[in-house]
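Participant: With the input below, show me the fold.
(chains A and B)
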Amino acid sequence: MLDWRWDFTFDILPRLLVATGNTLMAAGFGYAIAVVLGLVFALAQRTPSRVLTVLVREIVEFIRSTPLVLQIFFVFYVGPQFGLRLSPWTAGMIAIGLHYAAYLSEVYRGGLDSVPKGQWEAATSLNLSTARTYFRVIIPQAMPPSLAGMGNYLVGILKDTPMLSVIGVAELMHTANAIGSETYRFLEPYTLVGIIFLALSLPTAAAIRIFESWLRKKLGMI
Amino acid sequence: MSYFEFLSQYGDRIISGTLVTIVLTVLAALLAMAIALAAGLMRMAPNALVRGVAVVYIEIFRGTSLLVQLYWIFFVLPLFGISLEKFTAGFVAVGMNLGAYGAELVRGAILSVPKGQWEASLALNMSPAKRMVRVILPQALLIMLPSWGNLLIELLKGTALVALIAVADLMFQVKQINGTTFLSAETFGTALVIYYIIARFMITPFMRWLERVMQRKLGRA
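Facilitator: Presented below is the predicted three-dimensional model:
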């Protein structure tokens, strides 16, 4: 029957906490890539070129409907076949960044669509260039409505980092697996990983909700 | 090796893996719907204890990773005396995880059924159970169907993780084939395309069709 060992728990806790740092780093890097690349995907779908729009749209759909874990394997193993070796971290960041860029581009798309048409007309009548219109007028207004969705995917990316363990990124899940196979004890490491994830994601989600309602009030949306 | 040779040699295994993935998806989807309905309704119960159980369930499964839950169910649950076979553990983990997300959809949909419908069924002296089953749920179902389409695609993607506890699904098969042939682009690429086809040309059209059927049944078409 169940025997939870506290001494063992405190033995492995430091290792898990170090790994938590790696998890946070992976989520942070991945999210940074996704935030920028997602905007590229969203803007690419608004160019006059029909071909580019359809192409990017299909790529986004493809990335969104296939499993992240398979994409991680794909990025990690396909490179070496063509003579390009990627470290687990690089491959992992590319895969998770691309995956969430596809999701975030949908969030941005909604935000960009919500900017009133008059803003475009005003920018045109002021003779602003397209780049200036986007970066000084449209994107700043598209950001606030996108922030809620962006926050949800921040929590999402954090919860998806355990998948990086499959290619050997030393994050939480990977460390828990290692402890499990060294000591044949799975109860404590896996339970602690679950608790650490709860301790990270519940406050983050709560903070995002508070921020969202603060933002709505601030923008006079209530 | 050309791609055709690759397919003729390993096609059988890829197809058998695909079938396992589809069966897993269907079983996990049924479980997720049942859990979502139960947890969603419990979340709105007048009894605080019932509500609390649902909230704890939803927060735990939404707050941690599917992979963590899968490993926990497969490796730790046996220590409590509950040993699940790996296939069962796989779809139970996926179903329970997506069920927690679905519960919020159910709750949201029920709350967005217009208030007049509740009042009308009260005025007709319907019992709470009858009101829910005959009036509220059918309308809530129509409201949440589009979101369920997205959720089912998430569920399909979630099933790929069961390969990590050695269930012989599509992901597992291509990983094995890759291990012996090192044809990574062919193996993983084929699997990506198959997942895409299932999501885009099976799940999405099926949900659209279901939506049309429901609309007709409710006289909204």
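Participant: only C-alpha atoms for contact and neighbour calcs from this point on.
Facilitator: OK.
Participant: Give the next helix or strand downstream of the biggest helix by length in chain B.
Facilitator: Criterion DSSP state H: the longest helix present in chain B is helix B:3-42. For helix B:3-42, the following helix or strand on the C-terminal side (DSSP states H and E) is helix B:48-63.
Participant: buried sites along the longest helix of chain B?
Facilitator: Neighbour-count burial for helix B:3-42 flags B:13-14, B:17-18, B:20-22, B:24-29, B:31-37, B:39-42 (criterion: 16 or more other C-alpha atoms under 10 Å in any protein chain shown).
Participant: interface residues of chain B facing chain A?
Facilitator: B:59-60, B:63-69, B:71-72, B:75-76, B:79-81, B:153-154, B:156-158, B:160-161, B:171, B:182-185, B:188-189, B:191-192, B:195-196, B:199-200 (C-alpha under 8 Å from any C-alpha of the partner chain).
Participant: Turn the buried ones among the residues you listed into a named ChimeraX selection, would you?
Facilitator: Remark: buried members of the residues of chain B next to chain A, expressed as a ChimeraX selection using 16+ other C-alpha under 10 Å:
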select /B:60,63,64,65,66,67,68,69,71,72,75,76,153,154,156,157,158,160,161,171,182,183,184,185,188,189,191,192,195,196,199,200
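Participant: What separation do you get for A:L215 and A:R136?
Facilitator: Using C-alpha to C-alpha, to the nearest Å, one obtains 20 Å as the distance from A:L215 to A:R136.
Participant: all helices for chain B, in order.
Facilitator: B:3-42, B:48-63, B:66-71, B:86-111, B:115-123, B:128-130, B:137-159, B:170-181, B:184-198, B:204-217.
Participant: do chain A as well
Facilitator: Going by DSSP H, chain A shows helices at A:6-44, A:50-64, A:68-81, A:88-113, A:117-125, A:130-132, A:139-160, A:172-183, A:187-218.
Participant: how about those helices in TSV, adding mean pLDDT, mean neighbour count and distance to B:E119?
Facilitator: Below are the helices of chain A laid out as TSV (pLDDT from 0 to 100; neighbours: other C-alpha atoms under 10 Å in any protein chain shown; distance: least, C-alpha to C-alpha, whole Å):
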stretch	mean pLDDT	mean neighbour count	distance to B:E119
helix A:6-44	95	18	44
helix A:50-64	95	16	41
helix A:68-81	93	21	46
helix A:88-113	95	23	35
helix A:117-125	93	13	41
helix A:130-132	92	11	53
helix A:139-160	90	19	33
helix A:172-183	94	19	50
helix A:187-218	90	17	31
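Participant: any chance of those in JSON lines, plus distance to chain B?
Facilitator: Below are the helices of chain A laid out as JSON lines (distance: least, C-alpha to the nearest C-alpha, whole Å):
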{"stretch": "helix A:6-44", "distance to chain B": "12"}
{"stretch": "helix A:50-64", "distance to chain B": "6"}
{"stretch": "helix A:68-81", "distance to chain B": "5"}
{"stretch": "helix A:88-113", "distance to chain B": "12"}
{"stretch": "helix A:117-125", "distance to chain B": "28"}
{"stretch": "helix A:130-132", "distance to chain B": "34"}
{"stretch": "helix A:139-160", "distance to chain B": "5"}
{"stretch": "helix A:172-183", "distance to chain B": "7"}
{"stretch": "helix A:187-218", "distance to chain B": "5"}
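Participant: so can I have CSV of those helices showing distance to B:M214?
Facilitator: Shown next, in CSV, are those (distance: least, C-alpha to C-alpha, whole Å):
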stretch, distance to B:M214
helix A:6-44, 33
helix A:50-64, 26
helix A:68-81, 32
helix A:88-113, 27
helix A:117-125, 36
helix A:130-132, 45
helix A:139-160, 29
helix A:172-183, 42
helix A:187-218, 33
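Participant: What count of nearby residues applies to B:F206?
Facilitator: Residue crowding around B:F206 was assessed by other C-alpha atoms under 10 Å in any protein chain shown; the count is 14.
Participant: Now do the longest helix of chain B, average pLDDT.
Facilitator: Here helix B:3-42 scores 95 as its mean pLDDT.
Participant: cool, stretch B:122-130 as well?
Facilitator: What stretch B:122-130 shows for mean pLDDT is 93.
Participant: follow-up on the earlier one: looking at the helices of chain A, which is nearest to B:R208?
Facilitator: Shortest distance between B:R208 and the helices of chain A, using C-alpha to C-alpha, is found for helix A:50-64: 16.9 Å.
Participant: Distance of the residue of chain A found nearest chain B relative to B:K157?
Facilitator: As assessed by C-alpha to the nearest C-alpha, chain B sits closest to A:P67 within chain A, at 4.4 Å. Applying C-alpha to C-alpha, the value for A:P67 to B:K157 is 4 Å.
Participant: And for B:P114?
Facilitator: On the measure of C-alpha to C-alpha, B:P114 and B:K157 end up 34 Å apart.
Participant: just to revisit the earlier point, wait, isn't the residue of chain A closest to chain B in contact with B:A160?
Facilitator: Yes. Using C-alpha atoms under 8 Å, A:P67 makes contact with B:A160 at a distance of 6.5 Å.
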